[in-house]
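Trainee: Here is a sequence with its predicted model. Questions after.
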Protein chains: 2
Amino acid sequence: MPKTDVISELLDRGVSEIISREELEKKLLSGKKLRVKHGIDPTAADLHLGYSVIYRKLRKFQELGHTVVFLIGSFTARFGDPTDKNAARRMRTKEEVEETAKNYIKQVAKILDVKKLEIRYNGEWFDKFSAEDLLRLMSEFTVARMLERDMFQERQKKGQDIGLHEPVYPALQAYDSVMLKSDVTVIGNDQKFNELQARPLQKSAGQTPQDIMIMPLLIGMDGKRKMGQSLGNYIGLSEPPEEQYGKIMSLPDKLLFQYFELCTDVSSTEIQKMREAMKEGSNPKNFKMRLGREIVTLYHDGVAARNAEAEFVKIFQKGEKPTDIEEKKLPTKSYDICELLVAMQLAPSKSEARRLVTQGGVKIEGEKIEDPFYVVPLAKKPLVIQVGKRKFLKIRSQ
Amino acid sequence: MPKTDVISELLDRGVSEIISREELEKKLLSGKKLRVKHGIDPTAADLHLGYSVIYRKLRKFQELGHTVVFLIGSFTARFGDPTDKNAARRMRTKEEVEETAKNYIKQVAKILDVKKLEIRYNGEWFDKFSAEDLLRLMSEFTVARMLERDMFQERQKKGQDIGLHEPVYPALQAYDSVMLKSDVTVIGNDQKFNELQARPLQKSAGQTPQDIMIMPLLIGMDGKRKMGQSLGNYIGLSEPPEEQYGKIMSLPDKLLFQYFELCTDVSSTEIQKMREAMKEGSNPKNFKMRLGREIVTLYHDGVAARNAEAEFVKIFQKGEKPTDIEEKKLPTKSYDICELLVAMQLAPSKSEARRLVTQGGVKIEGEKIEDPFYVVPLAKKPLVIQVGKRKFLKIRSQ
């Protein structure tokens, strides 16, 4: 691709908004090696495709030779970004934060070239910050400006408390950009307010204000809410190939092309072609299988992708049992079906187990068991229990 | 006086409000040596009777054997208490603040026993405070609570900016009380909100919350606004006896007994008697002369008080010139009356000088000069210029 096309792709593919596109394009064309800030508050334990939307864009900056500055809010995380939280957050210790950060970087390596990352911690400057420094920084902002944040507005409306320390967070985040001499930052829409605060502060520090590239929040597998760890609607980057592939196959059709655009390297032209083919009646399942292969290839490899697909076809399309099934050894005796499901963690509670059984979601050795009082006779022969479409367990007598 | 009467006088004379009177009375009767916090933001250069209302009350605590802890906001003053200011305050340097503090203590010595004062600076703890310490302190408070302050409410209503650092001030002031283990604080009403913040903070630190004794704000000589340096309606503690006495004599009658109560040692019984005598037709002037003597005696001595009174009687009641008149030597020549008034600092501007002359406020050698173009012929004979009732200057040719 010619350089200008690469830049257009970087600026436009999947991007929600750039403040400002014109400024950023000029910076990219100038030939200067840009400093691309991405700040994280290392609270999440498990990265998923939602995060990858931003990291894949950062990767593109790396590929163009720019420096991705990965800022770990080792200081700020101790107080918590109030973003998206509807109650004042508890404060965390330095140790808790650092532990989480390590795990985070390990996962980020699945997307970014970690060797080329400039990894920084904002404790570098804020741990040395005095109360006076902080007050002087705060005096550059007004209460009204900070409380404009939609999230604070909502909390105020609901009569929920806002800790006096909370509106300081955007000011700290703004100062990070000054310290890092950020040229551009890539963020989700929920960080727009905070990152906007950096621009006037950088200006008064004699810097060119950073541009802000805003990526959309990826919708989760439920097709409703943004992908999130606590919502249980996510596809983790570290999940096994079969799990990732299976989850992609259960994705609502309407999300298909957004996922292609935001989470894969499939070219825009090709995505457009698939879109048209689907309009003309092609079965969405074929595109989902392609998406599944792409995702598994990215986070595992091509072989894993092919195997995951073969396994999926075997179980779901041919109705066979999976190749590898987890085994557990149990004392030789008879088991109450519902108690067994709970003990084996195939159901979260006894009432849920009962619901699964009576609705026909449980098979033993391929046969549907619909009686919740069924007794499972475990003898010499191992038994394969299947719950729903994808959960299998083999129990074997000790 | 019996001890309980002394305590009642302390708790009730001139006091606006105590939070809570019952608690404080208990503390006073317990026999414990109390720590009486009084915090200042050393910005004022010139103490006046308005300040004395609080310092006289603190003096009573000293006389009862308690420790007055005089807290100089060496840290907080650098950012400015937003109290009573309708615009965000500029920040001051450490040096500016310390210089003002020295001068302040010198003047306080006119009322308090400075040797027994525990003088502290809040830089002692806040200069060592980290940004993290400050954020943790702030997290004990909510934005809503801080913005409840009437002054912030007003500024918000007027659409005036509130610096993000400003609502932190009450939290800092509250923390001062914790560090000083304050049992009670004596303040003007404008500090009520800030000092109230200390109570829950002291409680969580395992201390008994301080009680808050609120003194009224003294009305200035204009009979309208609170006495204040910038309002020009004040009687300074360091002013010469004649000046203090003269100002008291020009006081509106309605303020007379408030001044007796808040600014003198005249007993409550005696004040009550004067109040009744005045109702029955006694001339207020006699009580004002008594008030003048009391004030001058407090800030100078009895002899100075008698002399000031004699001088006052001579000039105002007998129409004579004062005994000692300041003299200035000038070149022998003729002077434009208005230019002369300005040059001699008897009028602040030429237009003001013109107004004074045309309204008959200027006399030379006892003769009213009403022509603003009058030429003053300074020859061998010195001339006494009188402006208004109390300003006299003798000019003499060199």
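Mentor: Right, received. Where do you want to start? The shown structure was predicted, so the numbers you read here are calculated from the model rather than taken from an experiment.

Trainee: Please count neighbours and contacts with C-alpha atoms only from this point.
Mentor: Fine.

Trainee: and the stretch 51-200 of chain A, which of its residues are near chain B?
Mentor: Contact residues, the stretch 51-200 of chain A versus chain B (CA under 8 Å from any CA of the partner chain): A:79, A:126-136, A:138-144, A:161-166, A:168.

Trainee: Pull out the buried residues from these.
Mentor: A:79, A:126, A:130-132, A:134-136, A:138-139, A:141-143, A:161-166, A:168 (16 or more other CA atoms under 10 Å in any protein chain shown).

Trainee: so where is chain A shaky, pLDDT-wise?
Mentor: Where chain A drops to pLDDT under 70, the residues are A:1-2, A:43-45, A:79-94, A:318-322.

Trainee: try it again with 80
Mentor: When residues are selected by pLDDT under 80, those of chain A lie in A:1-4, A:41-46, A:77-101, A:150, A:229-232, A:315-325, A:366, A:389-390.

Trainee: Show me which residues of stretch A:237-247 are buried.
Mentor: A:237, A:239, A:241, A:242, A:243, A:244, A:245, A:246, A:247.

Trainee: quick one: which two of those residues are the most distant?
Mentor: Longest distance between any two of these is 13.6 Å, between A:237 and A:246; criterion CA to CA.

Trainee: for chain A, what spans make up the strands?
Mentor: With strands called from DSSP state E, chain A shows them at A:17-19, A:35-40, A:67-72, A:118-121, A:184-188, A:211-215, A:327-330, A:334-336, A:362-364, A:367-368, A:375-377, A:383-387, A:391-397.

Trainee: can I get these in a markdown table with mean neighbour count and distance to residue B:328?
Mentor: Below are these laid out as a markdown table (neighbours: other CA atoms under 10 Å in any protein chain shown; distance: least, CA to CA, whole Å):
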| stretch | mean neighbour count | distance to residue B:328 |
| --- | --- | --- |
| strand A:17-19 | 17 | 69 |
| strand A:35-40 | 22 | 71 |
| strand A:67-72 | 22 | 71 |
| strand A:118-121 | 16 | 69 |
| strand A:184-188 | 23 | 70 |
| strand A:211-215 | 23 | 68 |
| strand A:327-330 | 12 | 110 |
| strand A:334-336 | 14 | 114 |
| strand A:362-364 | 20 | 112 |
| strand A:367-368 | 14 | 117 |
| strand A:375-377 | 15 | 118 |
| strand A:383-387 | 20 | 108 |
| strand A:391-397 | 17 | 106 |
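
Trainee: So residue A:107 is in contact with residue A:49, correct?
Mentor: No. Using CA atoms under 8 Å, residue A:107 is not in contact with residue A:49, being 11.6 Å away.

Trainee: residues shared between the contacts of those two?
Mentor: Shared contacts of residue A:107 and residue A:49 (CA atoms under 8 Å, 6 or more residues apart in numbering or on different chains): residue A:237.

Trainee: So which of these two has more stuff around it?
Mentor: Per other CA atoms under 10 Å in any protein chain shown, whichever of residue A:107 and residue A:49 has more neighbours is residue A:49, with 22 against 16.

Trainee: That one - nearest residue in space that isn't next to it in sequence?
Mentor: residue A:235 (5.9 Å; CA to CA, 6 or more residues apart in numbering or on different chains).

Trainee: No further queries at this time; thank you.
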